[in-house]
Every structure is written in C-alpha cells, then in structure tokens.
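J.: Could you look at this predicted model? Sequence included:
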Amino acid sequence: MNSSLHSENPIETITKHKFLIEVLEDLKNNPKRLSSKYFYDSKGDHLFQKIMALEDYYLTKCELDIFKNQTAEIANLICSDDEPFDLIELGAGDAVKSTFLLQHLVRREANFTYMPIDISGNILSVLKTNLNDAIPALNIICLKGEYFEMIEKAMTISSNRKVILFLGSNIGNMEIADAEQFCSKLKSKLNHGDNVLIGFDLKKHPKTILRAYDDPTGVTAKFNLNLLLRINHELGANFNINQFEHYQTYDPLNGACRSYLISLTEQQVTLGEEQISFVKNEPIYMEISQKFSPSDIRELANSSGFNFVSELYDSKKWFMDAIWE
Ligand code: AVJ
C-alpha cells in the first residue's frame with residue numbers, strides 16, 4: 001500500500017513527502033497535534049458530506065439560507081455597474097452555496113468569470129462538469145493549487161476586478177493570529193476596489209456549538225479518526241484507531257471549539273523509521289473551529305487592512321457572511 005510513496009508522478013511524490021515531514025514534526029511536538037487540512041482524502045470528503053447532512057451541524061444550512069434568500073443583495077454588493085469581474089472561490093468543493101449566486105449573476109447577465117480554486121483536481125473537474133450542465137452560459141476557469149499561488153495566477157489571467165469568496169467558516173480552521181495573517185496576506189494580493197466575502201460561524205449557546213461537533217452517531221469521531229487511517233495508508237504507519245477516542249471542547253470565553261484524539265492506553269506507533277510514544281490519556285490536538293462575535297469579525301477586518309462593506313446574517317443569526325473591500 002505505501003509503495004505510493006514511490007509514486008511515478010513527481011508532484012504526488014513531493015506532496016506525499018511534505019505530508020510525511022509535517023506529520024512527523026506535528027507528532028514529535030509537545031503537545032502532539034495533526035493538521036486538519038489533511039482530513040480531506042476521498043474518505044474524509046465523504047465523511048464531511050455526512051457531517052453536513054447531520055441535523056445538529058447547522059453551519060452549512062445557515063450559510064445556504066443566506067445564499068438562497070439574500071442572493072440579490074449579495075450580487076448588488078459585489079457587482080459594480082457592468083464592469084467585468086472575476087469571482088474567485090477559495091476551496092470551492094461542491095460549490096452548492098455559491099451556485100445560487102452564480103445562477104443569479106448569469107440570469108442578470110453580469111459580466112464575470114467564475115474561478116474556483118481547490119487543491120483537489122478531482123473535485124474541480126467534477127465541479128466544472130456539474131456547472132457546465134446546470135449553468136451552460138457560465139464562464140469558468142478552474143485553478144488547481146494553493147490559494148495564494150492561484151490568486152496570483154488569476155491576477156495574470158485577467159486584470160478584471162476581483163471578488164474573493166471564502167465560505168463555510170473555513171477561516172475558523174485557523175487560530176485567530178493565523179486568520180489575521182491570512183487576511184492581511186489576502187489584502188496585500190488585492191487591488192483597490194476588489195472585494196472579499198468571508199463566512200464566519202458566530203458565537204452562540206455553547207451546547208449548540210458542541211452538539212454540532214460531537215454528534216451521538218459518531219460521524220465526527222470517524223472524521224477525526226480517518227486522518228489516522230490516512231496516515232496508516234499513505235505513510236505506512238500502524239495507528240490502532242480503537243485505541244484513540246474523539247474528544248471535543250468549546251470554550252465560550254474565547255470562542256475556540258477544539259477537537260482532540262485521546263490515547264486510551266500507553267502505546268507506541270511506528271511511522272516510517274520513527275517510533276511515536278503515547279502515554280495513557282495523552283491528547284493529539286486535531287482541529288480548531290473558531291467562533292466569532294460580530295465585533296471579533298470587525299476587528300479582524302480592521303487589523304488586516306480591510307474596510308467594512310456589509311454583514312449578512314441567516315434568519316437565526318447563527319452565521320455571518322461579511323463583505324469587505
Ligand atoms: C469545513 C472547516 C468548516 O470546522 O466546522 C466539521 C470542518 N470539523 N466537523 C468546521 C468540521 C468537524 C468544518 N469546516
């Protein structure tokens with residue numbers, strides 16, 4: 001199985017090498033951690049689809065509510081006259097929410113090109129096929145790669161005004177300081193008059209948040225444990241997932257919702273040449289899903305150099321799409 005380490009494709013070999021180096025560094029760190037950006041192999045994609053379908057996972061439903069019911073408002077805020085623009089989506093995935101906006105923009109004959117960015121070429125080609133079917137008149141250019149490299153590429157493809165979509169509270173997967181750095185870097189890549197639209201999950205009753213990440217059916221636990229399986233398959237490790245347990249926390253003081261895998265016994269895991277030792281009850285810190293208050297969001301805009309344009313809420317006021325310039 002792990003002969004994939006010697007894959008023929010040089011890009012895949014480099015990607016896998018980077019994965020190994022990062023995982024080793026993270027597991028040798030104290031406290032141990034793993035990066036949630038690696039959750040999304042094909043099994044992880046599938047499990048995340050199942051999470052989105054959970055009754056208690058409200059995030060997707062709330063943002064869909066905004067994109068379904070305030071489509072014209074969003075379009076008015078991001079379009080200026082008939083000036084052509086590029087609509088760039090970071091981590092587009094299946095683009096279910098943005099499709100409402102795309103449909104609306106095409107119907108009103110806005111002059112724009114949709115540029116989804118994703119690291120998964122497979123996801124992009126499926127997306128392109130689906131969108132060509134659903135909205136034949138849509139101009140679409142897929143950009144496969146890292147966010148900032150692909151934004152730079154988009155800048156060379158056309159000099160049109162840019163609108164960046166970063167939906168789904170994906171920004172919550174960064175620690176606050178990293179989110180600020182990310183937004184500052186995003187700002188530095190853009191020109192005067194460009195817009196960003198970022199989805200934020202809002203602080204709310206702690207039990208509501210915890211339930212979204214600690215479902216009794218165990219799908220979220222599986223989603224976390226799947227990264228250990230991925231490391232087994234792709235890097236030839238020997239994690240026994242029965243010896244790790246999903247543990248979720250939410251701290252209403254700072255809005256940090258964090259997941260951990262707890263080692264249920266003292267155990268050794270082999271990863272390549274390395275032995276990783278766990279003591280009983282030792283955590284691996286897996287993911288942060290940061291929650292924000294409206295003022296946290298305004299502060300983030302300010303500190304990263306953006307100006308406020310508008311705030312759109314779902315009917316429950318559980319989620320916010322913020323538009324900045
Ligand atoms: C895809 C990053 C938005 O943090 O809510 C869902 C991932 N993790 N359940 C989130 C996730 C556990 C999700 N994001």
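T.: Structure received.

J.: and the stretch 151-300 of the chain, which of its residues are near the ligand?
T.: Contact residues (C-beta under 6 Å from any ligand atom) of the stretch 151-300 of the chain with the ligand: 168-170, 172-173, 213, 220, 223, 287, 289. Quick note: C-beta positions are derived from backbone N, CA and C, even for glycine.

J.: how about those residues, which pair is most distant?
T.: 170 and 220 (16.6 Å; C-beta to C-beta).

J.: and those two? which has more neighbours close in?
T.: residue 220 (24 against 15; other C-beta atoms under 10 Å).

J.: which ones are touching the nearest residue to that one once chain neighbours are set aside?
T.: Of all residues not flanking residue 220 in the chain, residue 213 sits nearest, at 5.7 Å (C-beta to C-beta, 6 or more residues apart in numbering). Contact partners of residue 213, counting by C-beta atoms under 8 Å, 6 or more residues apart in numbering, are 220, 248, 250, 257, 259, 289.

J.: Any buried residues in the strand or helix carrying the fourth one, and which?
T.: When elements are defined using DSSP states H and E, residue 257 is found to belong to strand 256-263. Of the residues in strand 256-263, those with enough neighbours to count as buried (16 or more other C-beta atoms under 10 Å) are 256-261, 263.

J.: Please name every helix or strand in contact with the helix or strand following it.
T.: Heading C-terminal from strand 256-263, the first helix or strand you meet, by DSSP H and E, is strand 267-271. Contacts defined by 3 or more C-beta pairs under 8 Å, 6 or more residues apart in numbering; DSSP states H and E place strand 267-271 against helix 10-28, strand 274-278.

J.: Kindly recompute the last result at 10 Å.
T.: helix 10-28, helix 219-235, strand 274-278 (3 or more C-beta pairs under 10 Å, 6 or more residues apart in numbering; DSSP states H and E).

J.: farthest pair in the contacts of residue 213?
T.: Checking the contacts of residue 213 against each other with C-beta to C-beta, the farthest-apart pair comes out as 220 and 250, at 12.9 Å.

J.: Mutual contacts of the two, please.
T.: Taking C-beta atoms under 10 Å, 6 or more residues apart in numbering as the contact definition, residue 220 and residue 250 share the neighbouring residues 212-214.

J.: Residue 312 is in contact with residue 294, isn't it?
T.: No - in terms of C-beta atoms under 10 Å, residue 312 does not count as a neighbour of residue 294; the distance is 11.6 Å.
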